[in-house]
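Engineer: coordinates for the following, if possible.
(one chain, ligands or ions: 3)
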Amino acid sequence: MYTLPSLEATRSISSLAVLTSGGDAPGMNAAIRGVVRSALSQGIEVYGIRRGYSGLLQNDMIPLNSASVSNIVQRGGTFLKSARCPEFHDSDNRRRAAELLKQRNIDALIVIGGDGSLSGAHLFEEETGIPVIGLPGTIDNDIFGTEDTIGFDTAMNTALDAIDRIRDTADSHERHFLVEVMGRNSGFLATHVGIAAGAEMILVPEYAINIEEIALQLAASHRAGTGSSGIIVVAEGNEPNLTAGIAQQLQQQGLTPHISILGHIQRGGRPSGHDRVLASCLGAVAVDYLLAGYSDIMVGVSNGCVVDVPLDDLIRYRKGLDPELLKIALQLHK
Ligand SMILES: Nc1ncnc2c1ncn2[C@@H]1O[C@H](COP(=O)(O)OP(=O)(O)O)[C@@H](O)[C@H]1O
Ligand SMILES: O=P(O)(O)OC[C@H]1O[C@](O)(COP(=O)(O)O)[C@@H](O)[C@@H]1O
Ligand SMILES: [Mg+2]
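Structural biologist: Residues are numbered from 1 along each chain as shown. Ligands and ions are numbered 1, 2, ... in the order given. Purely as a prediction, here's the structure:
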């Protein structure tokens, strides 16, 4: 599936720790398994840190063996648990966390999480010198330097499953549905879901939206009989109340719109085959990167290859939504 880097071991690591942080994503378990099995096979001891950076600060770690990661490749969520940890924004706490790792003779840390978690990982290495490798784990696919993230494919398919069902009832009742999709302040998930669902419109925060114009357009095609029903995919990161505002405008045009917020169902469930392979490969290769002397990097994918991206870049650059993709989406709606 991916072209993997050829790496030679130059550094000696006897023990590493792994954690999952931020919003959970399907495939995180497969990634932990990849890390653990790859490390054990190369003679490295592994600790699992529970509840992300919160567990790191609370010294909540468990030794992991091969059996610890049996029967999890197919499970959603993360068996190590995840958390958002405001305390990790404080550099004194990050230094305290490093001391706890050193006390256990842990040489390196692997962080599986989203853009926030990986930004924290970069600061942690910069300030403490403990080598860190990040893996992109988020349904949002909003991380600079990688085309794909663990959990994105599964979340897209979960949203599609829901929208296909909504489409049946929208069509039967000749209604419009405004379907709100996750993605934080990025329209990546919404755009992919919208294209794959054949949505009549996709509204993302990256591009300006005129509510009145959209409502008039939808009402006109409703009256003309060319769009008696429709699915409008709205990214959650748009202006607050955008969805309600469009629904209100459509009502004023005599339509009966419904709002459906997909919410956390998008984060759960069995990871797709794609996410399992992605997570397994990235997890396993992260250990090889560490042994090859790399650190302060994220292991991601680009042009079909597994690549390393400096964690610093994730802080400096924002992943853009390809305007060509949106152009295609618009062409297909007409
Ligand atoms: N700039 C940062 N500095 C230090 N730690 C951070 C930073 N951003 C995020 N984190 C840590 O990572 C956690 C998860 O980040 P968040 O942005 O909520 O999710 P995600 O990693 O999935 O994008 C935060 O709760 C915090 O502990
Ligand atoms: O479950 P929470 O904490 O409310 O977070 C919701 C957010 O988490 C996500 O599901 C995943 O985002 P992160 O990967 O940045 O954590 C976003 O799409 C959503 O905005
Ligand atoms: Mg994020």
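
Engineer: from memory Ser295 sits against Ala108, does it?
Structural biologist: Yes. Counting by C-beta atoms under 8 Å, Ser295 does reach Ala108; the two are 7.0 Å apart. Backbone N, C-alpha and C define where each C-beta goes, glycine included.

Engineer: residues that sit against both of the two, list them.
Structural biologist: Residues touching both Ser295 and Ala108 by C-beta atoms under 8 Å, 6 or more residues apart in numbering: Pro131, Val132, Ile133.

Engineer: excluding chain neighbours, give the residue nearest to the first one in space.
Structural biologist: Among residues not flanking Pro131 along the chain, Ser295 sits closest, at 3.4 Å (C-beta to C-beta, 6 or more residues apart in numbering).

Engineer: which element is the one you found on?
Structural biologist: Assigned by DSSP states H and E, Ser295 falls within no helix or strand.

Engineer: ok, it - how many residues close by?
Structural biologist: Ser295 is flanked by 20 other residues according to other C-beta atoms under 10 Å.

Engineer: surely Asn141 is within a helix?
Structural biologist: No. Per DSSP: H, G, I helix; E, B strand; the rest coil, Asn141 lies outside any helix segment and is coil.

Engineer: from ligand 2, how far out is it?
Structural biologist: To ligand 2, Asn141 is 9 Å away according to C-beta to the nearest ligand atom, to the nearest Å.

Engineer: which residues sit in contact with that residue?
Structural biologist: Asn141 neighbours (C-beta under 8 Å, 6+ apart): Asp148, Thr149, Phe152, Ser186, Phe188, Leu189, His192, Lys319.

Engineer: closest one of those residues to Glu45?
Structural biologist: Glu45 has its nearest neighbour among those in Thr149, at 28.0 Å by C-beta to C-beta.

Engineer: who in the stretch 1-150 of the chain is up against ligand 2?
Structural biologist: Gly22, Gly23, Gly114, Gly116, Thr138, Ile139, Asp140 (C-beta under 6 Å from any ligand atom).

Engineer: would you map the helices across the stretch 51-200 of the chain?
Structural biologist: Taking DSSP state H, counting those that start in this stretch as the criterion, the stretch 51-200 of the chain carries its helices at 52-57, 91-103, 115-128, 152-173, 188-197.

Engineer: tell me the helices and strands packed up against the second one.
Structural biologist: Meaning helix 91-103. Applying 3 or more C-beta pairs under 8 Å, 6 or more residues apart in numbering; DSSP states H and E, we find helix 91-103 packed against helix 52-57, helix 115-128.

Engineer: and the contacts of the last one?
Structural biologist: Right, the one you point to is helix 115-128. 21-22, 52-53, 84, 88-89, 91, 94-95, 97-98, 109, 111, 113, 130-132, 134, 136-138, 140, 142-144, 295-296, 298, 311-312, 314-315.

Engineer: now list the buried members of the residues you listed.
Structural biologist: Among these, the ones that count as buried by 16 or more other C-beta atoms under 10 Å are 21-22, 52-53, 88, 94, 97-98, 109, 111, 113, 130-132, 134, 136-138, 140, 142-144, 295-296, 298, 311, 314.

Engineer: in this structure, what residue is nearest ligand 3?
Structural biologist: Per C-beta to the ion, the residue of the chain with the smallest distance to ligand 3 is Gly114, at 3.2 Å.

Engineer: any idea how many residues pack against that residue?
Structural biologist: 26.

Engineer: kindly report the same for the one 10 residues further on.
Structural biologist: Burial measure for Phe124: 25 neighbouring residues, criterion other C-beta under 10 Å.

Engineer: and it, how close does it get to Ser260?
Structural biologist: 39 Å (C-beta to C-beta, to the nearest Å).

Engineer: just Gln253 next, same as before
Structural biologist: Taken as C-beta to C-beta, the span from Gln253 to Ser260 is 20 Å.

Engineer: of the two, who's got more company?
Structural biologist: Using other C-beta under 10 Å as the criterion, Gln253 and Ser260 rank with Ser260 on top: 18 against 14.

Engineer: let me see the contact set for the more buried one.
Structural biologist: Ala162, Ile166, Phe177, Leu178, Val179, Glu180.
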